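**Q** Sequence plus the predicted model coming up.
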Amino acid sequence: MTGSTRQSRAGDRAEAPPRNTACYVYGILPEDVEISEDAIGVGDPPGRVKIIRHGEIAALVSDIDVDRPLGRASDLVAHEQLLDEAAAEVPVLPMRFGAVMTTPEAVVEELLAPHHDSFAAALKQIEGRTQFVLKARYAEQPVLVEVLTENAEARQLRDRIRQLPEDVTRNERIRLGELITQIIAAKREADTRAVVGRFEPFTAGAVVRDPSHERDAAHVAFLVENDRQADFERAVGELRSEWGNRVEVQMLGPMAPYDFVTT
Amino acid sequence: MTVAVPPAGGGGLPGRSSGSGLADVIDTILDKGLVIDAYVRVSLVGIEILTIDVRVVIASVDTYLRFAEAVNRLDLASQQPGLPGLLSSAPQSIARGKTKGVVQGVLEAAGEKLQDLREGYAAEEPAPRARRRRREED
């Protein structure tokens, strides 16, 4: 625990930070951005969030104690919350969690300066757009009823499992579960395609994410222009009421365009 | 965290159905976003990262047995009629023949393991916002 040493060195803060701290990088923003004093960063206690500017771009950073492991719940939430709050106001290129460089000078010399033009161009591209993530999940009972209704083999397995003692039907139960998983995967493919197509008129881009659950119906990140956001949200509401009890629809966002920045 | 669209009145499942939980945060910030390593190789600092990647579990026998068990429970629960409504909302086209050889079901192990953490964690800190210094419009 060395956090208190920082206070005593306030005098030379502008120079090198204490040896055991480094520079956590959250993301890249336009140069003309300001961050409020009370922004909360990663670490415990959280380091003050600062902006390092270079040309037209800037990096959102905070000091971090390199001796303390990263990745507690509060660190993860702080990273995303800071970027998402920023993304609601200004264009942001989000870094993946855990990007740490030695010093603010290194951030300028090795990150901002060499990649200035491509970062600046990317920021212009995402100006006025944010990301939303649609997570849809089949409700268990309705989807199982669908599967049984549509698939004769599943019904036969179900009947056989019901007629025989549990200890002799392990293979049947595994086969039934496998069949259900496959049929749900096929439904997911179809529903994901339908969702992407349905939102296409309101969105500037879509990235299909890996499913996060075996009953996922769709898991898609959308890039949405700010002035289409109302249309987009209305379409989500329509989808939700159309699917009714069959599928639970969750919408996350607005957030920084994590799925649309590529290295 | 931020939720743009609250769940419709009777539309969703009972229980908490919206809001960005820790599992969602992990989905997003651990394998999405720019990777600094691709841009910088000299001044990178290695810090021990605690988070274990516990997602991406290929559908397993456990998953299968769970589904089979759910079907058994379903038998008891669905003696009464009530299926037609569900059936009419089934998707028009089900690509039966296109099922991939590798099953892509994924467990939400991260979500389950981290449930306690999420519940114990108050994510309601007032987070500040970044603002443009110059405001040309308006």
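**A** In hand now; what should we look at? Residues are numbered from 1 along each chain as shown, chains lettered A, B, ... in the order given.
**Q** mind checking the SS state of residue A:97?
**A** Assigned with DSSP: H, G, I helix; E, B strand; the rest coil, residue A:97 falls in the coil class.
**Q** swap that for residue B:41, please
**A** coil.
**Q** same question, residue A:253
**A** Three-state call for residue A:253 (three-state DSSP): strand.
**Q** Now for chain B, the helix or strand with the poorest mean pLDDT.
**A** Using mean pLDDT, DSSP states H and E, helix B:109-113 stands out as the lowest-scoring helix or strand of chain B, at a mean of 35.
**Q** Low-confidence stretches in chain A?
**A** Applying pLDDT under 70 to chain A flags the ranges A:1-19.
**Q** redo that, cut-off 50
**A** Where chain A drops to pLDDT under 50, the residues are A:1-14, A:17.
**Q** In it, what residue comes closest to chain B?
**A** When you check chain A against chain B by CB to the nearest CB, the closest residue turns out to be residue A:177, at 2.6 Å. In short, each C-beta sits where N, CA and C put it, glycine included.
**Q** Let me see the contact set for that residue.
**A** Neighbouring residues of residue A:177 by CB atoms under 8 Å, 6 or more residues apart in numbering or on different chains: B:61, B:63-68.
**Q** do that again at 10 Å, thanks
**A** A:154, A:157, A:214, B:59-71, B:105 (CB atoms under 10 Å, 6 or more residues apart in numbering or on different chains).
**Q** PyMOL command to pick out the buried ones of these?
**A** Remark: buried members of the contacts of residue A:177, expressed as a PyMOL selection using 16 or more other CB atoms under 10 Å in any protein chain shown:
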select buried, (chain A and resi 154+157+214) or (chain B and resi 59+63+64+66+67+68+70+71+105)
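**Q** Just to be sure, which of the contacts of residue A:177 are found in strands?
**A** Counting by DSSP state E, no part of these is found in strands.
**Q** Now the residue in chain B positioned nearest to chain A: closest residue in space that isn't a chain neighbour?
**A** Closest contact between chain B and chain A, by CB to the nearest CB, is at residue B:64 (2.6 Å). Of all residues not flanking residue B:64 in the chain, residue A:177 sits nearest, at 2.6 Å (CB to CB, 6 or more residues apart in numbering or on different chains).
**Q** so which helix or strand takes in that neighbour?
**A** According to DSSP states H and E, residue A:177 maps onto helix A:170-199.
**Q** How far does that helix sit from its chain's centre?
**A** Mean C-alpha position of helix A:170-199 versus that of the full chain (CA atoms, centre = their mean, to the nearest Å) differs by 24 Å.
**Q** Stretch A:74-85 now?
**A** 11 Å.
**Q** Is residue A:69 in contact with residue A:42, as I believe?
**A** No - between residue A:69 and residue A:42 there is no contact under CB atoms under 10 Å: 11.3 Å.
**Q** Identify each buried residue in stretch A:49-63, please.
**A** Of the residues in stretch A:49-63, those with enough neighbours to count as buried (16+ other CB under 10 Å) are A:49-50, A:52, A:54, A:56-63.
**Q** likewise stretch A:167-176?
**A** Using 16+ other CB under 10 Å as the burial criterion, the residues of stretch A:167-176 that qualify are A:169, A:172-176.
**Q** Please apply the same query to stretch A:108-117.
**A** Using 16+ other CB under 10 Å as the test for burial, stretch A:108-117 gives A:108-112, A:115-116.
**Q** Grab the nearest non-local neighbour of residue A:75.
**A** residue A:42 (4.3 Å).
**Q** That neighbour in helix, strand or coil?
**A** Assignment for residue A:42 (three-state DSSP): coil.
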